[in-house]
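A.B. asks: compute the structure for the input listed below.
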Amino acid sequence: MVLVMGVTGSGKSYFVNKLANGDVVQVGDDLHSYSQILEEISRVLTAQHEAGVPLKGVIYLHRITDIRYAGSSIKTLEIFKKICGDLALQNVILVSTRWNEIDEETGAFREQQLRSDFWAYMLGHDARMARFDGSRDSAIGIVSQLVSRQSIVLELQRELVDERKTLQETVAGAYVNDDLSEKRAQLEKEVWDLEKLQQRTAQNDDRAMRRQIELDRAREQRRLQVAREDEERLRKQIALEVHTEIEGKKKKKGKGLWAVLPFLPAVMGIIEMFVGIPPGSTALLTSWFSESGIGESVSDFFANF
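C.D. replies: Just a heads-up that it's a prediction; the model follows:
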């Protein structure tokens with residue numbers, strides 16, 4: 001198994017489709033919170049680890065057309081590093097995409113910036129760089145650099161499965177949770193301030209103003225609810241939940257996921273050509289995806305993270 005990650009629009013769906021030689025992944029456009037994305041990645045990686053499917057490495061995609069690293073891209077990269085951990089970085093390939101949309105000189109300059117700045121830490125821990133030119137041969141060439149290597153266990157997997165930590169106790173989860181705690185506290189204050197303002201203006205003759213305050217308060221309350229749900233999500237014992245679900249699936253006849261999640265078997269089939277996977281583990285893993293409710297959203301996080 002090879003994990004493909006990157007920010008929205010970096011070309012993950014296109015890369016996997018080229019690798020599978022078909023339209024097996026739809027381009028995603030739904031944005032999720034960092035805690036939602038981290039939870040789904042955690043569940044998939046935990047299931048993969050539990051099922052005995054070897055993880056050969058991680059491919060991180062980045063648009064070479066980006067003039068600079070935006071705030072969201074920097075945060076995503078930090079989460080990515082914390083998911084992997086230093087020891088697993090030797091099985092990471094940092095791939096630049098969309099070379100057909102930029103001239104060689106400009107692209108080479110930005111590539112050097114990535115090498116000397118944003119990707120310097122990971123390259124210093126034996127990660128590698130590569131260019132994806134948009135062809136199937138290029139995609140296969142990148143993946144083939146990983147499938148012949150020794151399997152790895154990511155830091156997040158070790159923390160969740162071996163140490164049985166909750167998401168917020170992991171390095172990646174703690175990083176996401178710090179922002180959530182600050183955001184939740186700020187939203188609580190904003191809701192409180194709006195409630196007080198609503199009380200003071202209850203008898204005001206300006207109906208438009210009272211309506212606007214009501215709408216603002218309702219909006220901030222919804223945002224506060226989402227923030228609280230995100231914090232609660234990080235308190236989950238992911239490994240225990242996934243283990244229980246997988247054990248339940250073992251007692252049932254494996255249905256596989258060949259119809260429900262079409263891209264996974266196609267990609268797994270390619271991986272199986274290069275590396276052996278324990279008998280039955282692929283069906284177990286894909287069955288768990290479909291029946292646990294992740295099936296339809298896995299393609300989303302591949303397309304949005």
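A.B. asks: so what's residue 101 up against?
C.D. replies: residue 65 (CB atoms under 8 Å, 6 or more residues apart in numbering). C-beta: built from backbone N, CA, C; applies to glycine.
A.B. asks: any idea how far it is from residue 111?
C.D. replies: 14 Å (CB to CB, to the nearest Å).
A.B. asks: how about low-confidence regions in the protein?
C.D. replies: Along the chain, segments meeting pLDDT under 70 span 25-31, 71, 250-305.
A.B. asks: got the domain boundaries for it?
C.D. replies: 2-165+237-304, 172-233 (automatic domain parsing).
A.B. asks: where do the helices sit along the stretch 51-200 of the chain?
C.D. replies: Under the criterion DSSP state H, counting those that start in this stretch, helices of the stretch 51-200 of the chain are mapped to 71-84, 104-113, 120-124, 136-147, 155-157, 171-200.
A.B. asks: what angle do the helix or strand just after the last one and helix 171-200 make?
C.D. replies: To tie it back to what came earlier, the one meant is helix 171-200. Helices and strands here follow DSSP states H and E; after helix 171-200, the next one along the chain is helix 207-233. If you take axes from the mean of the first three to the mean of the last three CA atoms, to 10 degrees, helix 207-233 sits at 160 degrees to helix 171-200.
A.B. asks: who are the packing partners of helix 207-233?
C.D. replies: With contacts defined as 3 or more CB pairs under 8 Å, 6 or more residues apart in numbering; DSSP states H and E, helix 207-233 has these neighbours: helix 34-51, helix 171-200.
A.B. asks: take these and write them to CSV, including mean neighbour count.
C.D. replies: Output for those, formatted as CSV (neighbours: other CB atoms under 10 Å):
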stretch, mean neighbour count
helix 34-51, 22
helix 171-200, 16
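A.B. asks: I'd like these laid out as CSV, including distance to residue 237.
C.D. replies: Below are the helices and strands packed on helix 207-233 laid out as CSV (distance: least, CB to CB, whole Å):
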stretch, distance to residue 237
helix 34-51, 10
helix 171-200, 12
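A.B. asks: closest to residue 14 out of the ones you listed?
C.D. replies: Smallest distance to residue 14 across those (CB to CB): 19.4 Å, for helix 34-51.
A.B. asks: and the angle for that closest one with helix 207-233?
C.D. replies: 20 degrees.
A.B. asks: please identify the most buried of the domains of the chain.
C.D. replies: domain 2-165+237-304 (a mean of 18; mean count of other CB atoms under 10 Å).
A.B. asks: now residue 72: how far from residue 179?
C.D. replies: 12 Å.
A.B. asks: now swap in residue 69 and tell me
C.D. replies: 17 Å.
A.B. asks: ok, now residue 186?
C.D. replies: If you go by CB to CB, the gap between residue 186 and residue 179 works out to 11 Å.
A.B. asks: what do the two both touch?
C.D. replies: By CB under 8 Å, 6+ apart, no residue touches both residue 186 and residue 179.
A.B. asks: present the helices of the stretch 51-200 of the chain as JSON lines; the columns should include distance to residue 59.
C.D. replies: Shown next, in JSON lines, are those (distance: least, CB to CB, whole Å):
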{"stretch": "helix 71-84", "distance to residue 59": "11"}
{"stretch": "helix 104-113", "distance to residue 59": "16"}
{"stretch": "helix 120-124", "distance to residue 59": "13"}
{"stretch": "helix 136-147", "distance to residue 59": "6"}
{"stretch": "helix 155-157", "distance to residue 59": "16"}
{"stretch": "helix 171-200", "distance to residue 59": "18"}
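A.B. asks: tell me which of those sits nearest to residue 209.
C.D. replies: Across the helices of the stretch 51-200 of the chain, closest to residue 209 is helix 171-200 (CB to CB), at 9.8 Å.
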